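> Build me a structure from this.
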Amino acid sequence: MKKLTFPASLLGIVCALAGLFQFCVKPPDYPNEPVIEFLSLSKSVMKQTPLGPDSVLISFNFTDGDGDLGSQNGEPNIFIKDGRDGFDKPPYQIPYIPPQGAGNGISGIISIVVPNTCCVYIDPSGVPLACEDVPIAFDTLTYLISIKDQAGHESNQIETPPIGLICK
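Numbers count the residues shown, from 1 in each chain. Have a look, this model is predicted:
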């Protein structure tokens, strides 16, 4: 029986090619529209108080297939609505994210600090009352969040879990 041997140079070439293929990674296949997914809240209760501001940190994942998130001209691109009444909160801006390599798909985590808001109450005659005028001690709200990329593609909308709001 004859032993099969490879010349050292051929073995070196095979090992080098195998090592090169190890670094060939297929870029992620994300859709061109941003996609977001809720991750966490820093707390589940906030205070409506004149003694100082309260806030909640909201974190969510994002992906964007064409990698054109962020703004170079100060345009807002994170949009928040109060789930109780649909009113828009002040928007936020994702900083410009420069393209990275040949595959432009990007992903990551965004965390935003959302300041407290007023309690809302609709009295029996249908008149909405807010802040100090509400006759209730506790309210509950959710935030609806979406983002938009530079091409104008809008993401899905996520909703936070309920956040308690101490009114008095």
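> All the strands of this structure, residue numbers only.
35-41, 45-47, 55-64, 78-82, 106-115, 120-122, 128-130, 138-141, 143-147, 158-159, 163-166 (DSSP state E).
> For residue 71, find the nearest of those strands.
Among these, the nearest to residue 71 by Cβ to Cβ is strand 78-82 (10.0 Å). In short, each C-beta sits where N, CA and C put it, glycine included.
> Format the CA atom coordinates belonging to that closest one as PDB.
Output for strand 78-82, consisting of C-alpha atoms alone and laid out as PDB, is shown next (Å, rounded to 0.1, in the frame of the first residue of the first chain):
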ATOM      1  CA  ILE A  78     -37.900  59.000  14.700                       C
ATOM      2  CA  PHE A  79     -41.600  59.700  15.200                       C
ATOM      3  CA  ILE A  80     -43.500  59.200  18.500                       C
ATOM      4  CA  LYS A  81     -47.200  59.300  19.100                       C
ATOM      5  CA  ASP A  82     -49.100  59.100  22.400                       C
END
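> pLDDT of that strand, averaged?
The average pLDDT within strand 78-82 is 96.
> contacting residues around that strand?
Contacts of strand 78-82 from elsewhere in the structure, counted by Cβ atoms under 8 Å, 6 or more residues apart in numbering, are 87-94, 110, 112, 114, 117, 141, 143-148.
> Just the buried ones from the residues you listed?
Among the contacts of strand 78-82, those classed as buried by 16 or more other Cβ atoms under 10 Å are 89, 92, 94, 110, 112, 114, 117, 141, 143-148.
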